[in-house]
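In: coordinates only, sequence not included:
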């Protein structure tokens with residue numbers, strides 16, 4: 001006969017316990033099982049000689065849950081790197097990961113971590129194993145290599161914090177930093193003028209804003225008529241659009257600092273006004289630079305078809321769209337912007353920079369924009 005009893009501290013006979021149950025099998029041995037934090041039933045990987053042994057195993061599992069070191073496969077020492085990654089990615093956070101960031105992390109795990117280290121026990125991962133794994137990553141993709149290492153280091157920091165491991169084996173100095181494979185050469189004023197003129201009319205204002213206000217692509221493609229204040233000469237950045245796993249997601253900008261008002265250099269204001277008057281729907285919610293249907297967010301591939309032709313006309317086949325943002329940053333720096341003012345204008349957010357730009361005077365941005373126009377000779381460019 002099989003007999004089942006529920007186990008829990010201080011429960012009297014006949015009363016259902018709050019955690020787990022034991023069952024005596026026909027063989028005379030005892031089985032233990034419980035419902036885990038994942039809502040699923042879990043059984044002990046082995047049976048026990050006595051009911052007390054089964055209850056002791058359940059007590060250990062309950063203690064693991066209480067201390068947040070529970071592993072669905074048994075003792076915390078059995079946790080694999082793949083399971084650690086899944087658990088870390090699913091952690092509830094006061095500030096959730098951005099969809100694109102989450103997709104990037106999952107891609108790094110799937111492509112670079114799981115194939116080699118996924119089945120390795122977290123406690124068994126050594127510095128030598130990490131070094132061998134890092135050496136096997138393709139040096140021709142330094143950014144991915146650095147990102148994968150940084151993610152593994154973060155995962156192992158979490159493992160140490162939760163006592164899945166005693167030390168972090170990721171100890172390669174500088175491995176989380178990637179050297180830029182190509183030096184970015186900002187576009188000159190003449191090159192920018194040719195580039196803008198070579199773009200289709202519907203994208204000229206977008207190219208101007210991308211260059212002279214240094215807005216990100218996702219910020220530009222979510223700009224709406226109500227976000228542009230021509231009288232004040234500013235553009236309000238309050239949203240951004242990203243694409244993650246094939247899904248278009250409109251949300252808050254990249255970081256807290258990315259929500260900002262950016263002064264438009266006066267010499268391009270007439271071009272922006274022309275775009276609003278002639279090429280934008282009159283509704284306050286109308287996108288400035290929509291897709292062909294007039295209501296969807298513009299896809300990068302659609303813009304790039306025109307941009308690649310325009311950059312060739314400008315004699316800059318090496319220029320990427322994101323390099324326009326870099327060009328705008330250089331122009332702002334040349335105008336005399338301080339580091340704090342520059343970071344506030346670009347919407348950068350780092351712990352080190354936050355202390356610097358939070359004290360920047362708000363009125364300085366308009367002065368920076370005016371001096372940027374002076375660099376262009378004070379005359380409007382197309």
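Out: Okay, I see it. Being a predicted model, the structure only gives us computed values, none of them experimental. Numbers count the residues shown, from 1 in each chain.
In: List the buried residues in stretch 189-196.
Out: Within stretch 189-196, the residues that count as buried by 16 or more other Cβ atoms under 10 Å are 191-192, 194-196. For glycine as for every other residue, the C-beta is placed from the backbone atoms N, C-alpha and C.
In: how about JSON lines for these, with secondary structure and distance to residue 325 added?
Out: Output for the buried residues of stretch 189-196, formatted as JSON lines (DSSP: H, G, I helix; E, B strand; the rest coil; distance: Cβ to Cβ, whole Å):
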{"residue": "191", "secondary structure": "helix", "distance to residue 325": "15"}
{"residue": "192", "secondary structure": "helix", "distance to residue 325": "12"}
{"residue": "194", "secondary structure": "helix", "distance to residue 325": "19"}
{"residue": "195", "secondary structure": "helix", "distance to residue 325": "14"}
{"residue": "196", "secondary structure": "helix", "distance to residue 325": "15"}
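In: Let's have those in TSV, adding distance to residue 265.
Out: Shown next, in TSV, are the buried residues of stretch 189-196 (distance: Cβ to Cβ, whole Å):
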residue	distance to residue 265
191	17
192	12
194	18
195	16
196	13
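In: Low-confidence bits of the stretch 101-250 of the chain, can you list those?
Out: Across the stretch 101-250 of the chain, the ranges flagged by pLDDT under 70 are 179-183.
In: give me that answer again for 80
Out: 178-184, 244-246 (pLDDT under 80).
In: Show me the residue at the heart of this structure, geometrically.
Out: A centroid search over the chain (Cα atoms, centre = their mean) returns residue 101, at 2.5 Å, as the residue closest to the centre.
In: Do a quick rundown of the strands in the chain.
Out: Under the criterion DSSP state E, the chain contains strands at 3-6, 21-24, 30-35, 41-43, 228-229, 234-237, 240-244, 247-251, 260-263.
In: Who are the packing partners of the fourth one?
Out: In terms of contacts (3 or more Cβ pairs under 8 Å, 6 or more residues apart in numbering; DSSP states H and E), strand 41-43 is packed against strand 30-35.
In: Go through the strand it packs on and flag the buried ones.
Out: 30-34.
In: Out of these, which is nearest to residue 371?
Out: Minimum distance to residue 371 across those is 68.0 Å, recorded for residue 34 (Cβ to Cβ).
In: per-residue confidence for the residue nearest to the closest one when sequence neighbours are not counted?
Out: Closest residue to residue 34 apart from its sequence neighbours, by Cβ to Cβ, 6 or more residues apart in numbering: residue 20 at 3.6 Å. Residue 20 carries a pLDDT value of 91.
In: One more: residue 69?
Out: According to the prediction, residue 69 has pLDDT 63.
In: before we move on, back to that, shouldn't the residue nearest to residue 34 be in contact with residue 63?
Out: No. Look at residue 20 against residue 63 with Cβ atoms under 8 Å: they stay out of range, at 11.9 Å.
In: mind checking how far the residue nearest to residue 272 when sequence neighbours are not counted is from residue 370?
Out: Distances taken as Cβ to Cβ, 6+ apart place residue 205 nearest to residue 272, at 5.3 Å, with adjacent residues excluded. Separation of residue 205 from residue 370 (Cβ to Cβ, to the nearest Å): 19 Å.
In: Neighbour count: those two, which is higher?
Out: residue 205 (25 against 16; other Cβ atoms under 10 Å).
In: Please name the nearest non-neighbouring residue to residue 64.
Out: Excluding the flanking residues, the one nearest residue 64 by Cβ to Cβ, 6+ apart is residue 70, at 4.2 Å.
In: thought the one you found was touching residue 60?
Out: No. In terms of Cβ under 8 Å, residue 70 does not count as a neighbour of residue 60; the distance is 10.2 Å.
In: More neighbours: those two, which one.
Out: residue 70 (21 against 13).
In: give me every residue that touches the more buried one.
Out: 36-37, 61, 64, 76 (Cβ atoms under 8 Å, 6 or more residues apart in numbering).
In: Number of residues surrounding residue 92?
Out: Neighbour tally, residue 92, other Cβ under 10 Å: 5.
In: Can you pull the phi and psi angles for it?
Out: phi -70, psi 140 (degrees, to the nearest 10).
In: so what pLDDT did it get?
Out: On the pLDDT scale, residue 92 gets 86.
In: which residues touch the longest helix along the chain?
Out: Looking across the chain with DSSP state H, the single longest helix is helix 142-161. Contact with helix 142-161 is made by 79, 81, 84-85, 88, 104-105, 108-109, 111-113, 117, 122, 125, 130, 134, 137-139, 165-170, 172, 175-179, 181, as judged by Cβ under 8 Å, 6+ apart.
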